[in-house]
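A.B. asks: Please work out how this folds:
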Amino acid sequence: MARRTGSADLPLHTGRVPPWLATRMASLGAIITQAIVHHYGREEFLQRLAHPFWFQSFGAVMGMDWHSSGITTSVIGALKRGLTPLAGELGIHVCGGRGQHSRKTPDELRLLAERIGFDGAKLTQASRLVAKVDSAAVQDGFDLYLHGFFVTDDGKWTVVQQGMNGEARQARRYHWHSQDLRDFVDAPHSAIDGPPKGEIVNLTDRRAKVSRGAQLELLSRLGPDRIVAEYEALTGEPPAQALLPHLVMPAHHDVRPKDVFARRLHATLAAAETQGPADFADLLLTPGVGARTVRSLAMVAEVVHGAPYRFQDPARFSLAHGGKDRHPFPVPIKVYDETIRMLKSAVQNARLGRDEELGAIKRLDDQARRLERNATGPSFEAFVATERAASPDLDGRSVFGWERDLVGRAKAEGAK
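C.D. replies: As a prediction, the model looks like this:
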């Protein structure tokens with residue numbers, strides 16, 4: 001994976017994740033992590049976290065707002081809660097977080113180092129350096145407020161941190177990964193997510209190497225006061241910044257057809273309809289829920305097994321378990337819980353050497369990719385309409401309440 005993978009516009013949202021969703025996000029996030037580590041190893045999980053498109057899709061499949069900055073906080077928080085009890089088994093540890101939790105990162109790393117035996121001082125320095133680079137060396141108008149440090153027992157790490165621009169109502173997410181990192185101040189980012197806001201001074205770009213050297217020479221030869229005087233006498237335009245692949249997360253809350261690659265949605269639905277009955281016969285005996293759960297499992301399978309290019313439309317993954325803000329539809333609690341149950345059973349059996357269930361989930365992803373070219377299905381609008389109609393029966397829930405109650409009140413008011 002390239003160290004710099006792109007950028008994204010993230011609308012800045014406030015609010016909290018309700019407890020009923022936070023608990024489920026922690027469970028699902030931990031189980032997906034276990035599946036990735038089982039198939040590909042924990043280093044692969046760190047690489048996934050360092051990819052901004054995958055990170056956004058990961059949050060969306062867990063029922064978080066599909067497009068907003070809140071995914072960063074909620075995903076890191078969910079993983080910290082879900083993976084901490086599994087740290088001894090997986091060898092993956094989550095430090096830091098938002099606000100005051102970010103400032104506890106050095107202490108958390110020190111305690112881990114004492115218990116596990118890696119170089120805590122080196123990792124603490126890494127944590128401080130990446131924060132300093134993103135707050136000082138990259139002057140882009142965003143103030144850091146979140147710092148998540150993921151580290152394995154062998155000292156490999158990924159950092160995900162985020163800054164905000166309150167005036168622009170935008171957030172920018174920064175991704176770091178220790179693999180192949182040779183120089184903290186020479187193009188070290190695996191990705192910078194966020195909209196360009198005015199002039200950006202990025203002294204970590206490798207093209208700025210000459211500039212960094214010249215600045216040090218000027219500082220030693222002229223001193224800061226003379227430099228300021230010389231600068232005031234100069235005019236000119238700053239060099240243009242290279243454009244990275246750009247993921248645009250729009251401001252609108254609703255998921256629209258243009259936000260989803262329809263052919264991939266149709267392939268997922270087709271795989272669930274064909275491969276699902278063969279692999280999940282017992283599960284499908286659950287009336288009215290099983291078949292729907294297989295569709296969610298197919299999207300989860302893609303998060304576990306999909307290649308980076310398949311996460312260009314993170315909105316599609318919100319179709320697995322909806323969103324807490326009722327977009328694209330309320331979170332279907334029955335489906336969510338059954339997805340967790342099915343995945344947990346598959347992971348537990350895999351730990352005992354029985355890979356049949358995890359293998360069946362992987363075949364859903366394999367089948368979806370085989371069907372992608374020719375699969376057809378309902379329009380996006382029809383799919384969402386069907387989900388909304390079924391929501392009361394699937395225990396649909398959002399920050400506004402249970403869907404059955406909302407529908408009942410709407411009918412009562414309409415009858416007056």
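A.B. asks: distance between stretch 394-408 and the chain's centre?
C.D. replies: Relative to the centre of its chain, stretch 394-408 is centred 26 Å away, using Cα atoms, centre = their mean, to the nearest Å.
A.B. asks: Quick one: end-to-end length of it, please.
C.D. replies: 15 Å (Cα to Cα, to the nearest Å).
A.B. asks: Give me the contact list for that stretch.
C.D. replies: Stretch 394-408 is contacted by residues 15, 18, 20, 289, 292, 322-326, 329-335, 390-392 when judged by Cβ atoms under 8 Å, 6 or more residues apart in numbering. For every residue, glycine as well, the C-beta is placed using N, CA and C.
A.B. asks: let's see it at 10 Å
C.D. replies: 15-18, 20-21, 63, 65, 288-289, 292-293, 322-327, 329-338, 387-393, 409 (Cβ atoms under 10 Å, 6 or more residues apart in numbering).
A.B. asks: got it, and stretch 33-42?
C.D. replies: Under Cβ under 10 Å, 6+ apart, the answer for stretch 33-42 is 43-45, 47-49, 58, 79, 82-83, 86, 89-92, 150, 152-154, 156, 300-301, 303-305, 343-344, 346-348, 350-351, 355, 358-359, 361-362.
A.B. asks: Out of the residues you listed, which sit inside helices?
C.D. replies: 43-45, 47-49, 58, 79, 82-83, 89-90, 300-301, 303-305, 343-344, 346-348, 350-351, 358-359, 361-362 (DSSP state H).
A.B. asks: Just the buried ones out of the residues you listed, please.
C.D. replies: Neighbour-count burial (16 or more other Cβ atoms under 10 Å) applied to the ones in helices among the contacts of stretch 33-42 gives 43, 45, 47-49, 58, 79, 82-83, 90, 300-301, 303-305, 343, 346-347, 350, 358, 361-362.
A.B. asks: how many other residues sit next to the spatially closest residue to Asp119 that is not a sequence neighbour?
C.D. replies: Using Cβ to Cβ, 6 or more residues apart in numbering and skipping the chain neighbours, the partner closest in space to Asp119 is Gly155 (6.3 Å). A count of nearby residues for Gly155, using other Cβ atoms under 10 Å, gives 16.
A.B. asks: who's in contact with Gly155?
C.D. replies: 113, 116-120, 122-123, 126, 178.
A.B. asks: need the strands for the stretch 251-400 of the chain, in chain order.
C.D. replies: Applying DSSP state E, counting those that start in this stretch to the stretch 251-400 of the chain gives strands spanning 331-332, 396-398.
A.B. asks: Over to the stretch 101-250 of the chain?
C.D. replies: Using DSSP E, counting those that start in this stretch, the strands assigned to the stretch 101-250 of the chain run over residues 138-139, 143-152, 157-165, 170-177, 191-193, 201-202, 246-248.
A.B. asks: Out of the ones you listed, flag the one nearest Leu28.
C.D. replies: Among the strands of the stretch 101-250 of the chain, strand 143-152 comes nearest to Leu28, with 17.4 Å by Cβ to Cβ.
A.B. asks: could you dump that closest one to PDB, C-alpha only?
C.D. replies: Taking Å, rounded to 0.1, in the frame of the first residue of the first chain, the C-alpha atoms of strand 143-152 are listed here in PDB:
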ATOM      1  CA  ASP A 143      -6.500  22.300  14.800                       C
ATOM      2  CA  LEU A 144      -5.800  18.700  16.100                       C
ATOM      3  CA  TYR A 145      -8.300  17.400  18.600                       C
ATOM      4  CA  LEU A 146      -8.100  13.600  18.300                       C
ATOM      5  CA  HIS A 147      -5.100  11.200  18.300                       C
ATOM      6  CA  GLY A 148      -5.500   7.500  18.100                       C
ATOM      7  CA  PHE A 149      -2.400   5.300  18.300                       C
ATOM      8  CA  PHE A 150      -2.700   1.600  17.300                       C
ATOM      9  CA  VAL A 151       0.300  -0.500  18.200                       C
ATOM     10  CA  THR A 152       1.100  -4.300  18.000                       C
END
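A.B. asks: Report the strands that pair with it, each with its relative direction.
C.D. replies: strand 92-98 (antiparallel), strand 157-165 (antiparallel) (DSSP bridges).
A.B. asks: Where among those strands is average confidence lowest?
C.D. replies: Ranked by mean pLDDT, the strands paired with strand 143-152 bottom out at strand 157-165, which scores a mean of 90.
A.B. asks: Please enumerate the helices of the stretch 201-350 of the chain.
C.D. replies: Remark: helices assigned in the stretch 201-350 of the chain by DSSP state H, counting those that start in this stretch are 209-222, 224-232, 262-279, 290-305, 318-321, 333-351.
A.B. asks: Report the mean per-residue pLDDT for the first one.
C.D. replies: For helix 209-222, the per-residue pLDDT values average out at 50.
A.B. asks: With distance to Lys258 as extra columns, can I get the strands of the stretch 101-250 of the chain in TSV?
C.D. replies: Below are the strands of the stretch 101-250 of the chain laid out as TSV (distance: least, Cβ to Cβ, whole Å):
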stretch	distance to Lys258
strand 138-139	31
strand 143-152	29
strand 157-165	26
strand 170-177	21
strand 191-193	20
strand 201-202	31
strand 246-248	11
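A.B. asks: Can you flag the weakest of those strands by average pLDDT?
C.D. replies: Taking the mean pLDDT of the strands of the stretch 101-250 of the chain, strand 201-202 comes last: a mean of 48.
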